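# Structure for this input, please:
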Amino acid sequence: MKSLAQLQSVSKDYSVRSGGTVTALEDISLDIRENEFVTLVGPSGCGKSTVLKILGGIIRASRGTLLFDGKPLDNPSREIGMVFQRPVLLPWRSVLDNVLFPIEMLGWNVSEHLGEAHRLIKLVGLSGFEKALPQELSGGMQQRVSICRALVYDPKLLLMDEPFGAVDAMTREEMCLEVMRIWRERRKTVVFVTHSISESVFLADRVVVMTPRPGRIVVDLPIDLPRPRTIDMEFTPEFKAYADVVRDAIYSSKRSA
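Below you'll find the model as predicted:
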């Protein structure tokens, strides 16, 4: 598969109030290929979200290079969509108007994208809620609107930063299945940050495991499980073997930190 995004020896330092710096990432190299679903997992504070922000051009690396479609990228691109930990919907706008908000910000003709917005809303099971306000929706429904909003302008790369962290366990399972269905139908490249080992294996073509700060990649694990995947797969020996590799990598890196 063709490479879509590449981090080459990327490090990131943050300034602290005392006047010094803290290294969040150190020497990260990662190749994201087209149509691939990659999950990032690791202990809290390991820099998973920082990796996502650098991939999205939201922040710049202190050292190293980000290539997107073979070219250096230093700023946000319309070819990249992002779903955050919380939906961050505009409370005074309806579901449909929230989905269309990026189209307005890009200065595009909204009427030309109405059809796509309605198709996405139907795809995530929200037909009939087009005129609803965010406060009239459950947390899972709001996050579905957020996913539609990130897809409506047809980006090549979708970045998802723990998007199900604020929902209950049953909704989380449902949303995982929903994201995989959308990924199959839309064939986007996805990089998905999670704290959940089982979620990282369940979703991914590859699980990338990071160490405690400064974050480094300690394991890049291909997942050879059949698709479409079902919740029952989590109880198979094959799934457990993958989860054990990820778990051992996380706890080994914690012990050696």
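# low pLDDT regions in the stretch 51-200 of the chain?
166-167 (pLDDT under 70).
# mind listing the helices for it?
For the stretch 51-200 of the chain, the helices defined by DSSP state H, counting those that start in this stretch occupy 95-105, 114-123, 139-151, 169-186, 197-203.
# Out of the ones you listed, which gets nearest to M82?
helix 139-151 (6.1 Å; Cβ to Cβ). Bear in mind the C-beta positions are built from the backbone N, C-alpha and C, glycine included.
# buried stuff in that closest one?
Neighbour counts over helix 139-151 (16 or more other Cβ atoms under 10 Å) mark G140, M141, Q142, Q143, R144, V145, S146, I147, C148, R149, A150, L151 as buried.
# cool, and stretch 175-192?
M175, C176, E178, V179, M180, I182, W183, K188, T189, V190, V191, F192.
# Name the nearest of those residues relative to D27.
V191 (18.7 Å).
# ok, the residue positioned nearest the centre of the chain - contacts?
Closest to where the C-alpha atoms of the chain average out (Cα atoms, centre = their mean) is M160, at 1.9 Å. When contacts are counted by Cβ atoms under 8 Å, 6 or more residues apart in numbering, M160 touches M82, V83, V179, V190, V191, F192, V193.
# go on, D161?
Per Cβ under 8 Å, 6+ apart, neighbours of D161: K48, S49, L52, M82, V83, F84, Q85, V193.
# just to revisit the earlier point, now the residue nearest to the centre of the chain: how far from F192?
Distance from M160 to F192, counting by Cβ to Cβ, to the nearest Å: 5 Å.
# Mutual contacts of those two, please.
Common neighbours of M160 and F192 (Cβ under 8 Å, 6+ apart) are V179.
# For the closest residue in space to A150 that isn't next to it in sequence, list the residues it contacts.
Spatially, and ignoring its direct neighbours in sequence, A150 is nearest to G81 (3.6 Å; Cβ to Cβ, 6 or more residues apart in numbering). Shown in contact with G81 (Cβ under 8 Å, 6+ apart): A150, L151, Y153, P155, L157, L158, L159.
# Mind doing that once more with 6 Å?
The contact partners of G81, by Cβ atoms under 6 Å, 6 or more residues apart in numbering, come to A150, P155, L158.
# so D31 sits in a strand?
Yes - D31 forms part of a strand when assessed by DSSP: H, G, I helix; E, B strand; the rest coil.
# Can you name the residues bridging to it?
For D31, the beta-bridge partners are Q6 (DSSP bridges).
# surely it meets S3?
Yes - if you go by Cβ atoms under 6 Å, D31 and S3 touch, sitting 5.4 Å apart.
# related to what we said a few turns ago, farthest-separated two in the buried residues of helix 139-151?
G140 and L151 (16.8 Å).
# which residues in this structure form strands?
Using DSSP state E, the strands of the chain run over 3-15, 21-33, 37-41, 63-68, 71-72, 80-83, 157-161, 189-194, 206-210, 217-222.
# for those strands, which one sits closest to P134?
strand 80-83 (15.1 Å).
# what lines up beside that closest one in the sheet?
strand 157-161 (parallel).
# Outline the domain layout of this structure.
3-79+156-256, 88-154 (automatic domain parsing).
# Stretch 47-58: which residues count as buried?
G47, K48, S49, T50, V51, L52, K53, I54, L55, G56, G57.
# swap in stretch 236-243?
Here stretch 236-243 shows F239, Y242, A243 as buried, counting by 16+ other Cβ under 10 Å.
# Tell me the one of those nearest D205?
Nearest member of the buried residues of stretch 236-243 to D205, counting by Cβ to Cβ, is Y242, at 11.8 Å.
# Fine, thanks again, bye for now.
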